[in-house]
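In: okay, sequence plus prediction incoming.
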Amino acid sequence: MEKAFYEGKRLLNVSELCNYIGMGKSRGVEWAKVIGAAKRIGRRVLFDRYIVDKAIEECNIYTRDGKKKGDLDHDC
């Protein structure tokens, strides 16, 4: 699916999130929870695309654990 498909959507399910960010299910869900994009609606867990986009834009500033990056020995 292309990114244009997601233009009108704010919340993504797990498969849409993984397709959108190009990660597998385990790593994608873990990363989305770390950045605060996971939102529970009843029993469903959906992911806020705006938070994901913002985290991707700021990825060059912060490491995966939320600290400022200083070296290149991390996988943002």
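Out: Yes, it's here.
In: would you mind measuring from Glu58 to Ile51?
Out: Computed as C-beta to C-beta, to the nearest Å, the Glu58 to Ile51 distance reads 11 Å. For every residue, glycine as well, the C-beta is placed using N, CA and C.
In: more neighbours, those two?
Out: Ile51 (16 against 11; other C-beta atoms under 10 Å).
In: contacting residues around the closest residue in space to the more buried one that isn't next to it in sequence?
Out: Once flanking residues are discounted, Ile51 sits nearest to Ala37: 4.0 Å by C-beta to C-beta, 6 or more residues apart in numbering. Going by C-beta atoms under 8 Å, 6 or more residues apart in numbering, Ala37 touches Phe47, Asp48, Arg49, Ile51, Val52, Ala55.
In: let's see 10 Å
Out: 11-12, 17, 21, 29, 31, 46-55 (C-beta atoms under 10 Å, 6 or more residues apart in numbering).
In: which secondary structure elements does the longest helix anywhere in the chain sit against?
Out: The longest helix of the chain (DSSP state H) is helix 25-35. Where contact means 3 or more C-beta pairs under 10 Å, 6 or more residues apart in numbering; DSSP states H and E, helix 25-35 is packed against helix 14-21, strand 38-41, strand 44-48, helix 49-57.
In: now do the buried residues in the longest one.
Out: By neighbour count with 16 or more other C-beta atoms under 10 Å, helix 49-57 contains the buried residues Arg49, Ile51, Val52, Ala55.
In: in a markdown table: the residues you listed, plus distance to Phe5 and pLDDT.
Out: Formatted as a markdown table, these follow (distance: C-beta to C-beta, whole Å; pLDDT from 0 to 100):
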| residue | distance to Phe5 | pLDDT |
| --- | --- | --- |
| Arg49 | 11 | 95 |
| Ile51 | 19 | 95 |
| Val52 | 15 | 94 |
| Ala55 | 20 | 90 |
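In: and which of those is nearest Glu7?
Out: The nearest member of those to Glu7, counting by C-beta to C-beta, is Arg49 at 9.4 Å.
In: now do the helix or strand bottoming out on mean pLDDT in the chain against strand 44-48, angle only.
Out: Taking mean pLDDT, DSSP states H and E as the measure, the helices and strands of the chain show their lowest mean at helix 49-57, namely a mean of 92. Helix 49-57 runs at 50 degrees relative to strand 44-48, counting by axes from the mean of the first three to the mean of the last three C-alpha atoms, to 10 degrees.
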